[in-house]
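Asker: no sequence for this one, just the structure:
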């Protein structure tokens with residue numbers, strides 16, 4: 001039985017070997033091989049040029065054109081004030097904000113008018129006497145006719161007295177007018193520091209006002225945006241979007257260039273103006289001072305540029321296909337970044353711009369092109 005255990009595995013191996021040889025004998029001597037296309041696949045597009053107007057955005061804070069510390073110009077007791085003369089109140093140009101007691105200034109005006117009348121009367125009298133002296137002088141020798149005899153000094157003195165009285169009258173009228181303290185412009189009352197019954201002196205600060213006839217926004221322009229500023233930028237309209245939720249956009253006019261470059265940021269700064277920001281005289285949306293805003297305006301127009309995704313440009317190199325569907329690289333000029341795209345110019349085959357590159361593209365690499373519907377462009381590989 002021991003020999004059976006040894007012979008059985010050997011017999012199985014022999015039978016298997018003979019079966020394999022039988023299969024090989026019945027197989028065809030010719031082997032069918034199929035050529036495998038190992039070219040990477042790409043997609044291409046036809047690019048067209050466009051004229052693109054650069055849109056520049058910046059930001060800034062809305063501030064008043066001017067802020068005034070309103071002071072009393074005369075001394076006296078505050079007898080009344082405007083109901084809108086409170087913090088947050090809006091007043092129009094020329095509107096009376098508060099009044100100072102006028103009795104003493106009305107009396108001063110009457111006194112100045114009386115002094116002027118007296119000086120004018122004295123001048124009339126001196127002129128009359130001078131006329132008499134001139135007539136009498138015609139009968140006298142020239143040696144006796146002097147300026148003093150003709151009363152010229154007296155007339156000049158009387159004329160000076162009239163001018164002095166007129167000046168005092170003008171001051172009295174001004175002081176009386178200044179008893180009613182008026183708004184120098186359409187204003188927002190920021191704060192008020194006086195009330196009825198207070199005694200104020202000349203120069204006493206009564207309130208702080210912000211000019212709401214015009215608001216300003218100072219905004220920076222980065223160095224990479226500076227080449228795209230148009231020469232007609234001053235006077236151009238800009239769109240202003242406020243950071244307040246639901247705030248409607250308004251328009252502003254670029255007013256001036258501040259003329260310097262910030263040493264820390266290397267940015268230039270411009271100023272835009274918004275008319276009637278609080279809508280006091282119009283129905284425009286309210287633009288509150290202190291709001292942050294984004295300004296958007298048009299810069300230069302770039303002629304004959306291509307727009308292409310940024311990931312297709314590496315080291316200013318763009319890939320296209322030649323007539324044999326081989327990769328060709330081109331150096332292009334990147335003019336500007338817009339979102340996820342580049343705006344470029346250059347000489348290349350715009351009919352076959354590769355939009356999906358192989359992982360490691362090489363100059364002259366053969367590829368196969370996928371059409372938009374997913375099929376392959378019918379073209380055999382180039383002959384080797």
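Answerer: On my side now, so go ahead. Since the structure is predicted, the reported quantities are computational estimates derived from the model, not experimental observations.
Asker: what pairs with residue 211 across the strands?
Answerer: Residue 211 forms beta bridges with residue 187, as assigned by DSSP bridges.
Asker: what about it, neighbour count?
Answerer: 21 (other Cβ atoms under 10 Å). All C-beta atoms are positioned from the backbone trio N, CA, C, and that covers glycine.
Asker: wait, it sits on residue 187?
Answerer: Yes - Residue 211 is within contact range of residue 187, at 6.3 Å (criterion: Cβ atoms under 8 Å).
Asker: Now do the shared contacts for the two.
Answerer: Counting by Cβ atoms under 8 Å, 6 or more residues apart in numbering, the shared contacts of residue 211 and residue 187 are residue 68.
Asker: Tell me how far residue 254 lies from residue 60.
Answerer: Taking Cβ to Cβ, to the nearest Å as the measure, residue 254 falls 12 Å from residue 60.
Asker: Need the residues touching each of the two.
Answerer: In contact with both residue 254 and residue 60: residue 272, using Cβ under 8 Å, 6+ apart.
Asker: Doesn't residue 176 belong to a helix?
Answerer: Yes - judged by DSSP: H, G, I helix; E, B strand; the rest coil, residue 176 forms part of a helix.
Asker: Just confirm it contacts residue 105, I think it does.
Answerer: Yes - Residue 176 is in contact with residue 105 according to Cβ under 8 Å; the separation is 4.4 Å.
Asker: Neighbour count: the two, which is higher?
Answerer: residue 105 (21 against 18).
Asker: which residues touch that one?
Answerer: If you count contacts by Cβ under 8 Å, 6+ apart, residue 105 has them with 74, 76, 172, 175, 176, 179.
Asker: check contacts around residue 58.
Answerer: Residue 58 neighbours (Cβ under 8 Å, 6+ apart): 219, 220, 221, 294, 295.
Asker: Find the residue closest to the fourth one in space, skipping its chain neighbours.
Answerer: In this case it means residue 294. Spatially, and ignoring its direct neighbours in sequence, residue 294 is nearest to residue 241 (4.7 Å; Cβ to Cβ, 6 or more residues apart in numbering).
Asker: got the contact list for the helix or strand hosting that neighbour?
Answerer: Per DSSP states H and E, residue 241 falls inside strand 237-242. Defining contact as Cβ under 8 Å, 6+ apart, one finds that strand 237-242 is touched by 62, 217, 247, 249-254, 272, 274, 287, 291-297.
Asker: Can you list the buried residues in it?
Answerer: For strand 237-242, burial by neighbour count (16 or more other Cβ atoms under 10 Å) applies to 238, 239, 240, 241, 242.
Asker: Likewise for stretch 84-99?
Answerer: For stretch 84-99, the buried set under the neighbour-count rule, 16+ other Cβ under 10 Å, comprises 85, 89, 91, 97, 98, 99.
Asker: hang on, residue 158 is in a helix, isn't it?
Answerer: Yes - under three-state DSSP, residue 158 falls within a helix.
Asker: So it sits against residue 128, correct?
Answerer: No - the pair residue 158 / residue 128 is not scored as a contact, 10.8 Å apart, by Cβ under 8 Å.
Asker: of those two, who's got more company?
Answerer: It is residue 158, of residue 158 and residue 128, that has more neighbours when counted by other Cβ under 10 Å, with 21 against 11.
Asker: Can you tell me how far that one is from residue 168?
Answerer: Distance from residue 158 to residue 168, counting by Cβ to Cβ: 16 Å.
Asker: same deal with residue 52?
Answerer: Residue 52 is 70 Å from residue 168, by Cβ to Cβ.
Asker: Check which helix or strand residue 258 maps to.
Answerer: Going by DSSP H and E, residue 258 is in strand 250-261.
Asker: quick one: which of the contacts of residue 58 has the most company?
Answerer: So for the contacts of residue 58 (other Cβ under 10 Å), the most neighbours sit at residue 219, 25 neighbours.
Asker: where's that one relative to residue 227, distance?
Answerer: Residue 219 is 18 Å from residue 227, by Cβ to Cβ.
Asker: next one: residue 104
Answerer: 66 Å.
Asker: in stretch 286-295, what counts as buried?
Answerer: Quick answer for stretch 286-295 (16+ other Cβ under 10 Å): 286, 287, 289, 291, 293, 294, 295.
Asker: Secondary structure, pLDDT and distance to residue 369 added to those residues, as JSON lines?
Answerer: Below are those laid out as JSON lines (DSSP: H, G, I helix; E, B strand; the rest coil; pLDDT from 0 to 100; distance: Cβ to Cβ, whole Å):
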{"residue": "286", "secondary structure": "coil", "pLDDT": "92", "distance to residue 369": "58"}
{"residue": "287", "secondary structure": "coil", "pLDDT": "93", "distance to residue 369": "55"}
{"residue": "289", "secondary structure": "coil", "pLDDT": "95", "distance to residue 369": "60"}
{"residue": "291", "secondary structure": "coil", "pLDDT": "93", "distance to residue 369": "54"}
{"residue": "293", "secondary structure": "strand", "pLDDT": "95", "distance to residue 369": "49"}
{"residue": "294", "secondary structure": "strand", "pLDDT": "95", "distance to residue 369": "43"}
{"residue": "295", "secondary structure": "strand", "pLDDT": "95", "distance to residue 369": "45"}
